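> Based on what follows, work out the 3D shape:
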Amino acid sequence: MLLFLPVVVLVFTLAALGASNLQRRFRSSWLLALAGASLAWVSLLFLRLQLPLKLSFPAWWAGEGLEYSATFVLDSLSWPLAFAVSSLLVASLLGQVREAVTASWVTWAPGLTITSAGLLAALSGDLLTFLFTWTLVDVLATALQLSRLPRPEGRQLVLRRITILLLGSSFLLAAWMFSFYGQEFTAILIFISGSLRLGLWGPLPSRKESASLESDWPPIMLLVPWAASLALLVRADPIAEPARSALMLLAFLPAAYAAITWLLTTDKDPSFQWELGQASLVAAAVLAGQGQAALAFSLLLLLGRGLLPLAQYSQRFRFLLAGFGIVLLSGLPFTAGYWGTAIYANWASPLVFAFLPIQAALLAGWFARALRDPAAPLPPEPWMRTIQWLGYATLPIALFFFGLGLLPSLAPEDPALAWWPAAATLAGAAFFYLVFRSGKSQLHPRAQFAFDLVFSLRWIHLLMASLMRGLSWSLNFLSSLFEGPAGVLWALLFIAFLLSLASQYGLGS
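Presented below is the predicted three-dimensional model:
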């Protein structure tokens, strides 16, 4: 049970928070939650010394051919994702020090709950275990989000999002059920499942909806479901041609949408595009068969945006810290994104080079945001400012030490692997920043409409909506025929038509 030590610590902390509510005037709920999160964070570091660990539950039997053993594993792929999720929780609690005295224990319970489920998902080792842990994460995240969103448009977006998550889970279930068809078919279903859950092919929220979500949802609730999907994708098998090129082209469209939108948005616009762009890079690495590259981009997805406050609140050293951040995210040797450049050095399809300017545009947008003033000032109390600074520094420190050897699987083995893609990414980021950020660059309204329609894949949803309307019209037409005056004759004619088709194609005559 050593593998579940961080989860047990978080669950115990959650129970202690609930028990503390029975006492009147208990004002240390934030301190208790932070202590539990920090202990879980340290326990993951302790488990790092025990790699690899693997645990299987005893098999349960529910009928003929339905025997299953849940598998959880802590290795070079699952541990960094679990550690990133735990670091997000610690940074989130430290960043909420303003509410340390006034907020009740209910304020800290959602973060502990969703992180516990996210750790289970990150440690999953097989398809059905992923399915069960995904369901747990989805149920908890949806319930917590609905409870925190008073506005109906926000709740509609959550319900629309849960349908995409359920669709992704159904593809994962299909991959488990039809695994006997071959590894290639299973890999395609797994990739579609993870891509749907990451939002690559789902309906993207509008700017108004995203602004509502950004203000109402804690970051931990947004990123833990992403981490649960990333844990499966980094383990996915490569996909052969021609399916690889077709799926990579579909992944490129939302990547371009996210990168350009991230680059052109203003100060108050939502920032979900960073996660979407990095998720597209993860998808490209998975399609190219580069699991280590997918893991590197996954860490940048989860931890990259957490570097922004450290530069924004440092007015004296803002440019220096912003430059340090863009170097840390570029993929140079001795950084956590080092292995991300493997998709360009060991490319399996020429389409992967289309993601190089996408990565450069994301870095340019990140650098532009790092140079802006923060949305809220630091707290006036000195002790609160100190703790909040620790929260802002937690994620950069984790990302920094990932590249320096905290994760041996990402340690640089061949420095020549990373130099030219990383240098090209930095040069492209400088070009995009100088061109698009020197003035107020905006697309023409018609170009913006066409851009949103094509690159955000809205045409897929419009096509599906048209097909559903056509199917509904056909069913209504048949219903009107069968319920009309000659309904019996039409029914007999339809049955005869079906029997004729069965006799011609089903019986081979």
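
> Ala279 against Gly199, yeah?
Yes: between Ala279 and Gly199 a contact is recorded at 6.9 Å, counting by C-beta atoms under 8 Å. Every C-beta, even on glycine, is put in place using the N, C-alpha and C of the backbone.

> Look at the two and report which has more neighbours.
Ala279 (27 against 24; other C-beta atoms under 10 Å).

> where's the more buried one, which helix or strand?
Element membership for Ala279, per DSSP states H and E: helix 273-287.

> what sits up against the next helix-or-strand element following that helix?
Where DSSP H and E defines the elements, the next helix or strand beyond helix 273-287 is helix 291-303. Helix 291-303 has contacts (C-beta atoms under 8 Å, 6 or more residues apart in numbering) with 77, 80-81, 84-85, 87-88, 223, 226-227, 230, 233-236, 274-275, 278-279, 281-282, 285-286, 329, 331, 336-343, 395-396, 398-399, 402, 409-410.

> just for the stretch 151-300 of the chain, where's the confidence low?
Flagging of the stretch 151-300 of the chain using pLDDT under 70 yields the residue ranges 151-154, 202-219, 266-271.

> now with 90?
Counting by pLDDT under 90, the ranges of the stretch 151-300 of the chain that qualify are 151-171, 173-188, 194-226, 235-277, 287-293, 296.

> which one is Ala398 nearest to, not counting chain neighbours?
Computed as C-beta to C-beta, 6 or more residues apart in numbering, the closest residue to Ala398 that is not its neighbour in sequence is Ser87, at 4.5 Å.

> Report whether that neighbour is found in a strand, as I expect.
No: looking at Ser87 with DSSP: H, G, I helix; E, B strand; the rest coil, it is helix, so not inside a strand.

> wait, doesn't it sit right on Pro396?
No: contact between Ser87 and Pro396 fails when scored by C-beta under 8 Å: they sit 10.2 Å apart.

> just to revisit the earlier point, quick one: distance of the helix holding Ala279 to the chain centre.
From the chain centre to the centre of helix 273-287 is a distance of 9 Å (C-alpha atoms, centre = their mean, to the nearest Å).

> Taking helix 291-303 as reference, get the angle to that helix.
Orientation check (axes from the mean of the first three to the mean of the last three C-alpha atoms, to 10 degrees): helix 273-287 against helix 291-303 gives 170 degrees.

> So what touches the helix or strand Val435 falls within?
Applying DSSP H and E as the criterion places Val435 in helix 416-436. For helix 416-436, the external contacting residues (C-beta under 8 Å, 6+ apart) are 263-264, 326-327, 330-333, 338, 341-342, 344-345, 356-357, 359-361, 363-365, 367-368, 412, 441.

> Equivalent analysis for stretch 242-254, please.
With contacts defined as C-beta under 8 Å, 6+ apart, stretch 242-254 is touched by 184, 188, 191, 195, 199-201, 204, 238-239, 276, 280, 283-284, 287-288, 348-349, 351-352, 354-355, 358, 454-457.

> Buried residues in it, which are they?
Using 16 or more other C-beta atoms under 10 Å as the test for burial, stretch 242-254 gives 244, 247-248, 250-254.

> my guess is Ala82 contacts Leu119, does it?
Yes: the criterion here is C-beta under 8 Å, and Ala82 meets it with Leu119 at 5.3 Å.

> Common neighbours of these two, please.
By the contact definition C-beta under 8 Å, 6+ apart, Ala82 and Leu119 are jointly contacted by Pro6.

> on that earlier part again, what subset of the contacts of helix 416-436 is buried?
The buried subset of those (16+ other C-beta under 10 Å) comprises 263-264, 326, 330-333, 338, 341-342, 344-345, 356-357, 359-361, 363-365, 367-368, 412.

> Among those residues, name the ones in strands.
Among those, none falls in strands (DSSP state E).

> Asp237 looks like it's in a helix, true?
No: Asp237 is assigned coil when assessed by three-state DSSP, not a helix.

> Kind regards, and thank you for your time.
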